[in-house]
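Asks: Please work out how this folds:
(one chain, ligands or ions: 1)
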Amino acid sequence: MIKHNRVLLILIGCILLLSFTFPIVESYDFVIEDVKLFDGNKVVEHATIYIKDGLIASIDSVKTSLNCKYNYRINGHNKTLIPGLINAHVHIQSREDLTKSANAGILTVMELLRLQEDSIPVYKILSDSANFPYFYTSGIGADMPDAVIKRFIQKLNPYAPTTIKDVDTFISDRVNKKVDFIKILQDSRLPQKFSDSLFDKLISETHKNNLLAIVHSETLRDARYEFNHGADIIAHGWIDSLITDDELSKWKERPFYVIPTLLVHLSVKKQLNPKSYTLTAEQISGEIGRLHKAGITLLAGLDSPNDNLNFTTDFYKELALYVRAGLSPLEALKTATVNPAKAYKLKDKGEIKVGTSADLVLVNGDLLSDINKLNNVASVWKKGIKIR
Ligand SMILES: [Zn+2]
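Replies: Reported below is the predicted structural model:
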């Protein structure tokens, strides 16, 4: 027994000696050294990120000297590294919208209405390649004949589910088209809206299929209705009245998310000032600050190309508006990373952590002290492939 132990000790000794004499040098595709890292949750002042085979292989959170092989190395000094951004509300019109978005560091897009569902399989294939963002869509949204969709297509909406039986067919059609969630449109300012029973059936059928119900509304009256009737996410903030503190605390009681779309609301207010926009611009932003302060999770979304908003720099403006509404730059970045990843149940997105896809955006300057530095994107990688 003693003899066996001695042999074992000598063997371990030899292995240790060998590994000191010939240290194993790890090799990586590339390394980003000494960078300010926002990993989706917290900030690390001097981090080094190691990327291998398209994945985050390792993260050093203290300054260390590099002792590894790599194809290339980026000096991250005076730069900020953040996860690929997520735009929680878009309407993609072309492949160009997708490539522009990815180039701007927006590596995931959530499309909240697509009438041409034939293109979904193509966009889903593009979603896997480096130059395109991950693409998620609702496909056709549920809306009454003379309501929101009619305003876009200038005729009665032919896809409207108007009976309980229609709702069953509508949801199963969307499931067959492999949509990622269900969009429901509701606007009580328009001639038609869903009855309580149709709306409730839409929500329950959506949930029965393990999908999220994302509802369009622009007034607090509709948002309140949608919260009370089980919606998961609302696609816009509101422009008509101020929410009460009691309601704010009620909205915190279950997972419920708000996409403010502040830029589109504020530009419509400034340019057209429609009658229904009874709040001032300050109040419209103020409501977003109040939602955040009350602990309601916000998801950054633009609604481009509505109101001619683009798929790139206008998203940075949206985040800057959240900072003006009272969020810190870190909290604003969360609305475009971890928050939408959590709300939309996107696995391994919105965070920089070991083992996940290397979807990274490198920005010149300190983004955590100035959100406008987003306009200085230096490099973008998707799955470890440099696309900018
Ligand atoms: Zn929209």
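Asks: name the helices or strands packed onto the strand ranked longest in the chain?
Replies: With secondary structure taken from DSSP state E, the chain has its longest strand at strand 27-38. In terms of contacts (3 or more Cβ pairs under 8 Å, 6 or more residues apart in numbering; DSSP states H and E), strand 27-38 is packed against strand 43-52, strand 69-75, strand 79-83, strand 360-364. Every residue, glycine included, has its C-beta placed from N, CA and C.
Asks: Generate JSON lines for the ones you listed, with mean pLDDT as supplementary columns.
Replies: Supplementary listing: the helices and strands packed on strand 27-38 in JSON lines, determined by pLDDT from 0 to 100:
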{"stretch": "strand 43-52", "mean pLDDT": "98"}
{"stretch": "strand 69-75", "mean pLDDT": "96"}
{"stretch": "strand 79-83", "mean pLDDT": "98"}
{"stretch": "strand 360-364", "mean pLDDT": "98"}
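Asks: Can you tell me which of these is packed in deepest?
Replies: Of the helices and strands packed on strand 27-38, the one with the most neighbours on average (mean count of other Cβ atoms under 10 Å) is strand 79-83, at a mean of 25.
Asks: what comes up buried for the helix or strand following that one?
Replies: Reading on from strand 79-83 to the C-terminus, the next helix or strand found by DSSP states H and E is strand 85-90. By 16 or more other Cβ atoms under 10 Å, the buried positions in strand 85-90 come out as 85-90.
Asks: Closest to residue 120 out of the residues you listed?
Replies: residue 90 (14.4 Å; Cβ to Cβ).
Asks: you'd agree the closest one is up against residue 310?
Replies: No - using Cβ atoms under 8 Å, residue 90 is not in contact with residue 310; the gap is 10.5 Å.
Asks: those helices in the stretch 51-200 of the chain, which residues are they?
Replies: 95-103, 120-126, 148-153, 164-176, 196-208 (DSSP state H, counting those that start in this stretch).
Asks: Give me the angle between the last one and helix 164-176.
Replies: Direction vectors for helix 196-208 and helix 164-176, defined by axes from the mean of the first three to the mean of the last three Cα atoms, to 10 degrees, enclose an angle of 30 degrees.
Asks: and helix 196-208, what does it pack onto?
Replies: So helix 196-208, by 3+ Cβ pairs under 8 Å, 6+ apart, packs with helix 164-176, strand 182-185, strand 213-216.
Asks: one more time with 6 Å
Replies: Under the contact criterion of 3 or more Cβ pairs under 6 Å, 6 or more residues apart in numbering; DSSP states H and E, helix 196-208 touches helix 164-176.
Asks: Counting by contacts, list what the helix it packs on packs against.
Replies: Partner elements for helix 164-176 (3+ Cβ pairs under 6 Å, 6+ apart): helix 196-208.
Asks: How confident was the prediction at residue 278?
Replies: Looking at residue 278, its pLDDT reads 96.
Asks: was I right about it contacting residue 240?
Replies: Yes - counting by Cβ atoms under 6 Å, residue 240 is a contact partner of residue 278 at 5.2 Å.
Asks: who has more neighbours, these two?
Replies: Using other Cβ atoms under 10 Å as the criterion, residue 278 and residue 240 rank with residue 240 on top: 17 against 12.
Asks: Leaving out sequence neighbours, find the closest residue to that one.
Replies: Closest residue in space to residue 240, ignoring its immediate chain neighbours: residue 219 at 4.4 Å, by Cβ to Cβ, 6 or more residues apart in numbering.
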